[in-house]
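Engineer: Sequence first, then the predicted structure:
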Amino acid sequence: MVDYELKNRIIMKEIFSSFRGTENELIPILQHVQEHFGYLPESAMLEVARFISVSESKVYATASFYSQFRFKATGKKHITVCQGTACHVRGAGKIQDTLERQLGIKEGETTADQEYSLEAVACIGCCALAPCIAVNNETIYGRLTPQKVKVVHEPIRGERKNGQKNHSGQPGNML
Amino acid sequence: MAKRTILVSQGTCCKSAGAEQVYTALKKEAVKWGLEDEVEFKQPGCHGFSQIDPAVIIEPDGLLFAGVKEENASEIMQSLLPGRRPPEHLFYTEPHSSNTIPYKQKIPFFSRQQRFILHNCGTIDPGSIEDYVKGGGYEALHKAVYEMTPLQVIAEIEDSGLRGLGGGGFLAGNKWRLCYQSPGDQKYLICNADEGDPGSFQDRSLLEGDPHAVLEGMLIAGYAVGATKGYIYVRAEYPLAIKRLQIALQQAREQELVGKNILGSDFSFEMEIFQGAGAFVCGEETALLQSLGGKRGMPYPRPPYPVVSGLHGQPTLINNVKTLASIRWIINNGAGWFRAKGTEKSKGTVVFSLSGKVVNCGLVEVPMGISLREIIFGIGGGIPGEKAFKAVQTGGPSGGCLPADLLDTAVDFDTLRDAGSIMGSGGMVVMDEDTCMVDTARFFLAFSLKELCGQCTTCRLGTRQMLEILNRITRGEGRPSDLDLLIQLGEVVAQGSLCGLGRTVPNPVLTTLRYFRDEYEAHINEKRCPARVCKDLITYRIDHEKCKACSLCLKACPTAAIKGNKKQAYLIEQDRCVRCGTCLDLCADRFGAIECI
């Protein structure tokens, strides 16, 4: 446990080294923190508050205002379902329903085994490919139908099969 | 023969359609057929016609191959060998007429547009400053810095009539002059690339496809108003745009186009990229300034306007991506050239992200004043699947939905506003008969409720009340008095809220009520959703005459609501049915046995 805390402190120190420690750097600092941890751990936010000399509540107030920041860890595969206008009129609701059913979680939740998390977002700007989803903010799958959603997850499952773990048969892991 | 260039666009859309794989396959095939010295490869930004991605364009011939897959790479490269013919089955096929069109410039989607803001998108390599300079890039900056005084630059922009393309439509030249006149030790310039409207992607495509044009616009604006520090406030949700901007900025620094003594002159300008953290309201300029200062993005009252007192209390000029990308063209070609395009009060061109229920989705640049009909039916190719057009939504959550009888409305700032919608930042979503307008209004309100900052009571509580009423209506529990209540609430929210977001939150509700009142009434009085979208008001049924008991729907139903035996028509158990529509989609092209009522 001590090692873990020490490791985190080193990471935080590294992050802080590229900043001056002023209040207007708060958002970029939080973005760096989230990039390292995948979310904003409470202890990290406390350290950020000390570093830029503002109250802890102020850091939390800013962080909670912006939808980019999360306070819980996401799954290894973080699926964002676009709910932009074009996706909405082309059936994004059905895509989200299908994903929720397949993963056994609701929007905003993570599967018990920490493999998948699902989030609805405003618009990822690929309206011509509506409806679309993004996995880990990188790979975008477009022109989806509820039937295709299974196909979309095939590469994810394939990857996992090649890895050390095989989760098939566990609850909440229908893919 | 002239050396051919093979272009494979690599925008976010193109990449997700598989453009990277196609590019790699083409390169491999070029080596295989001994063509590596005959051809040159280029990876430009998005050409805008996302519908046909991945597309391969051969220059200088101008041939376009649409929907290319990896396995087509071989035949495309072979067709470049002497005496070979291009693979005709890869030419673009017009959906309605089935005509094939080999040349990019002959495709109506491109030929009916007038592109200058998007001129470089899809033609130059956004990762190469040389490519940008070859096409006349940074000439306008050179001209401004060496041949014009800041006041002459401002006069030129004023004279052009350019209006802010971020949504406000404020005259850009006026804003520049106000910022120039404001006293301050340090002036700032901000490029607003916080494109948060659901349904817009033109700023992203522009940043991905032509980042140097935006930098050049910023430099010229900085020179004109006397700013020495610039920020590009770009959404973190656009990783590729950020990456391309970072590369462009680095290149511009190396070429001494950004930094101290630009182009050897006295003019110095520093630039920084700031990643927005995902808040729609930060597109509002005062909220954006708060966010840049590390605070919650809460708008504050104006005046003082940012041009007088903005970032750190100093005069700050904030312009949208497209506005800044227009600057080099005005400086190069003169205000008169720009003024000749467009209408009396709205000059130049406008870029729309055309999407939704339309055949040709993509980026469209047209002169101001063109009709909605020309955009949707001329360039967009109309509605897919023989469905009827119902409405077009412009301006995102602050805009409105216009019906079929307003299709001849001219697209400019003032005409759209008079019709109840707005130009906004350029989203244009087409809706067909299957779109429920009550649900659409509910969708926008739900979006706004999530995104509003919460400081004005009217906006925070009024929006919630309006949404609850709409939820009730879509559940079939609406009351006849709800419609007047919605209008009243909408007026209160619009009048009692501080910022541009709050004042326009009710727009989607008010315009749908104005033009599609009958749909609201059908929900309330007949408990019926005419577009068959609202789940509580629809039922799926199987037509026993048509059902062939093929078991397709039975296997696909996620809740096992479909029951049946072999050779016997199936039944849907209504209390298990979640109305997902999976069975309907599956059966529609086979037997058409499932109906939604």
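Structural biologist: Everything's here; your move.

Engineer: just the strands in chain A please.
Structural biologist: Applying DSSP state E to chain A gives strands spanning A:77-82, A:116-121, A:133-135, A:139-141.

Engineer: In JSON lines: those strands, plus mean neighbour count.
Structural biologist: Every residue, glycine included, has its C-beta placed from N, CA and C. Formatted as JSON lines, the strands of chain A follow (neighbours: other Cβ atoms under 10 Å in any protein chain shown):
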{"stretch": "strand A:77-82", "mean neighbour count": "23"}
{"stretch": "strand A:116-121", "mean neighbour count": "21"}
{"stretch": "strand A:133-135", "mean neighbour count": "21"}
{"stretch": "strand A:139-141", "mean neighbour count": "18"}
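
Engineer: mind checking the end-to-end distance for stretch A:68-78?
Structural biologist: Start-to-end span of stretch A:68-78 (Cα to Cα, to the nearest Å) is 13 Å.

Engineer: got it, and stretch B:31-49?
Structural biologist: Termini of stretch B:31-49 sit 29 Å apart (Cα to Cα).

Engineer: Also stretch B:129-141?
Structural biologist: 14 Å.

Engineer: weakest of the strands of chain A by average pLDDT?
Structural biologist: Lowest mean pLDDT within the strands of chain A: strand A:139-141, at a mean of 85.

Engineer: what's that strand in contact with?
Structural biologist: When contacts are defined by Cβ atoms under 8 Å, 6 or more residues apart in numbering or on different chains, strand A:139-141 is touched by residues A:124, A:126, A:129, A:132-135, A:152, B:12-13, B:15-16.

Engineer: Who does it pair with, and is each partner parallel or antiparallel?
Structural biologist: Using DSSP bridges, the strands paired with strand A:139-141 are strand A:133-135 (antiparallel).

Engineer: The strand it pairs with: how far from the chain's middle?
Structural biologist: 11 Å (Cα atoms, centre = their mean, to the nearest Å).

Engineer: Now do the strands in the stretch 251-400 of chain B.
Structural biologist: Per DSSP state E, counting those that start in this stretch, the stretch 251-400 of chain B carries strands over the ranges B:270-276, B:316-320, B:349-356, B:362-367, B:389-394, B:400-403.

Engineer: closest one to chain A among those?
Structural biologist: Of all these, the one in closest proximity to chain A, counting by Cβ to the nearest Cβ, is strand B:349-356 (3.7 Å).

Engineer: Save the strands of the stretch 251-400 of chain B as TSV, and put in mean pLDDT and distance to residue B:58 too.
Structural biologist: Output for the strands of the stretch 251-400 of chain B, formatted as TSV (pLDDT from 0 to 100; distance: least, Cβ to Cβ, whole Å):
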stretch	mean pLDDT	distance to residue B:58
strand B:270-276	96	35
strand B:316-320	96	34
strand B:349-356	93	26
strand B:362-367	94	20
strand B:389-394	95	35
strand B:400-403	94	40
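
Engineer: related to what we said a few turns ago, and which of the contacts of strand A:139-141 is nearest residue B:498?
Structural biologist: In terms of Cβ to Cβ, no member of the contacts of strand A:139-141 lies closer to residue B:498 than residue A:124, at 29.0 Å.

Engineer: Surely the closest one is in contact with residue B:236?
Structural biologist: No - look at residue A:124 against residue B:236 with Cβ atoms under 8 Å: they stay out of range, at 11.5 Å.

Engineer: Neighbour count: these two, which is higher?
Structural biologist: residue A:124 (27 against 19; other Cβ atoms under 10 Å in any protein chain shown).

Engineer: Next, work out how far apart the more buried one and chain B are.
Structural biologist: From residue A:124 over to chain B the distance is 6 Å, taken as Cβ to the nearest Cβ, to the nearest Å.

Engineer: picking up where we left off before, switch the strands of chain A over to a markdown table; also include distance to residue B:497.
Structural biologist: Formatted as a markdown table, the strands of chain A follow (distance: least, Cβ to Cβ, whole Å):
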| stretch | distance to residue B:497 |
| --- | --- |
| strand A:77-82 | 27 |
| strand A:116-121 | 25 |
| strand A:133-135 | 32 |
| strand A:139-141 | 35 |
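
Engineer: Give me the residue ranges of chain B where confidence is low.
Structural biologist: Residues of chain B that meet the criterion pLDDT under 70 lie in B:1.

Engineer: center of chain B - which residue?
Structural biologist: Central residue of chain B (Cα atoms, centre = their mean): residue B:200, 2.5 Å from the mean position.

Engineer: For residue B:197, which three-state class applies?
Structural biologist: coil (DSSP: H, G, I helix; E, B strand; the rest coil).

Engineer: quick one: it from residue B:300, how far?
Structural biologist: Look at residue B:197 and residue B:300: by Cβ to Cβ, to the nearest Å, they are 22 Å apart.

Engineer: Between these two, which has more neighbouring residues?
Structural biologist: Neighbours were counted for residue B:197 and for residue B:300 using other Cβ under 10 Å; residue B:197 has more, 30 against 13.

Engineer: I'd say that one and residue B:423 touch.
Structural biologist: No - judged on Cβ under 8 Å, residue B:197 makes no contact with residue B:423 at a distance of 11.4 Å.

Engineer: anything in contact with each of the two?
Structural biologist: residue B:395.

Engineer: List the residues that contact the nearest residue to residue B:320 once chain neighbours are set aside.
Structural biologist: Distances taken as Cβ to Cβ, 6 or more residues apart in numbering or on different chains place residue B:166 nearest to residue B:320, at 3.0 Å, with adjacent residues excluded. Neighbouring residues of residue B:166 by Cβ under 8 Å, 6+ apart: B:192, B:283, B:319-323, B:425.

Engineer: Please list all residues in contact with residue 40.
Structural biologist: Just so you know, I chose chain A. Each residue near residue A:40 by Cβ under 8 Å, 6+ apart is listed here: A:30, A:33-34, A:63, A:69-71.

Engineer: Not quite, go with chain B.
Structural biologist: Neighbouring residues of residue B:40 by Cβ under 8 Å, 6+ apart: B:3-6.

Engineer: which of the residues you listed are buried?
Structural biologist: Neighbour counting over the contacts of residue B:40 (16 or more other Cβ atoms under 10 Å in any protein chain shown) leaves B:5-6 as the buried ones.

Engineer: Closest to chain A out of the contacts of residue B:40?
Structural biologist: Proximity to chain A was ranked across those by Cβ to the nearest Cβ; first place goes to residue B:6, at 22.6 Å.

Engineer: is it true that that closest one lies in a strand?
Structural biologist: Yes - counting by three-state DSSP, residue B:6 is part of a strand.

Engineer: thinking again about what came up before, in a markdown table: the strands of the stretch 251-400 of chain B, plus mean neighbour count and distance to residue B:101.
Structural biologist: Listed next are those as a markdown table, based on neighbours: other Cβ atoms under 10 Å in any protein chain shown; distance: least, Cβ to Cβ, whole Å:
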| stretch | mean neighbour count | distance to residue B:101 |
| --- | --- | --- |
| strand B:270-276 | 19 | 40 |
| strand B:316-320 | 27 | 34 |
| strand B:349-356 | 28 | 19 |
| strand B:362-367 | 25 | 16 |
| strand B:389-394 | 26 | 24 |
| strand B:400-403 | 24 | 30 |
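
Engineer: and of these, who's closest to residue B:263?
Structural biologist: Evaluated with Cβ to Cβ, those place strand B:270-276 nearest to residue B:263, the distance being 15.1 Å.
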